[in-house]
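Visitor: here is a sequence with its predicted model. Questions after.
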Amino acid sequence: MLINLFSDGTCVQKFGNLSFHPIFLTLGNIDAEERRKDWAHRLVGFIPAIDGSESERKKEKFKQAKRLIFQACIETLMKTVETQSRE
């Protein structure tokens, strides 16, 4: 079964200064037109929106840290999805 994770670009700002991007799950074997409908995807978690000054965003260390955080978040979400799929 193909699982698609996506973010719609919305940024949630309910936690003071912290911002998050919602991550949704949909099944890849559903027709593309149907996948766009509300019933076809579910919110599975959030990933922090990491921002910095313009000069910080250009630094390789900032880019690497952002990638590592993103990958760790996706790994955690996938473990949760796997655990839930077995129950």
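Guide: Arrived safely. Residues are numbered from 1 along each chain as shown.
Visitor: and what about the closest residue to S7 other than its chain neighbours, helix, strand or coil?
Guide: In space, and not counting its chain neighbours, S7 is closest to H21: 4.7 Å by C-beta to C-beta, 6 or more residues apart in numbering. Bear in mind the C-beta positions are built from the backbone N, C-alpha and C, glycine included. Under DSSP: H, G, I helix; E, B strand; the rest coil, H21 falls in the strand class.
Visitor: okay, and the beta partners of H21?
Guide: Applying DSSP bridges to H21 gives these bridge partners: I47.
Visitor: these two touch, right, it and L43?
Guide: No - H21 is beyond contact range of L43, at 11.2 Å (criterion: C-beta atoms under 8 Å).
Visitor: comparing the two, which shows the higher neighbour count?
Guide: H21 (18 against 9; other C-beta atoms under 10 Å).
Visitor: next one, pLDDT for the more buried one please.
Guide: Note on H21: pLDDT of 86.
Visitor: one more: A72?
Guide: Turning to A72, the model gives it a pLDDT of 94.
Visitor: can you check D8 too?
Guide: pLDDT, D8: 73.
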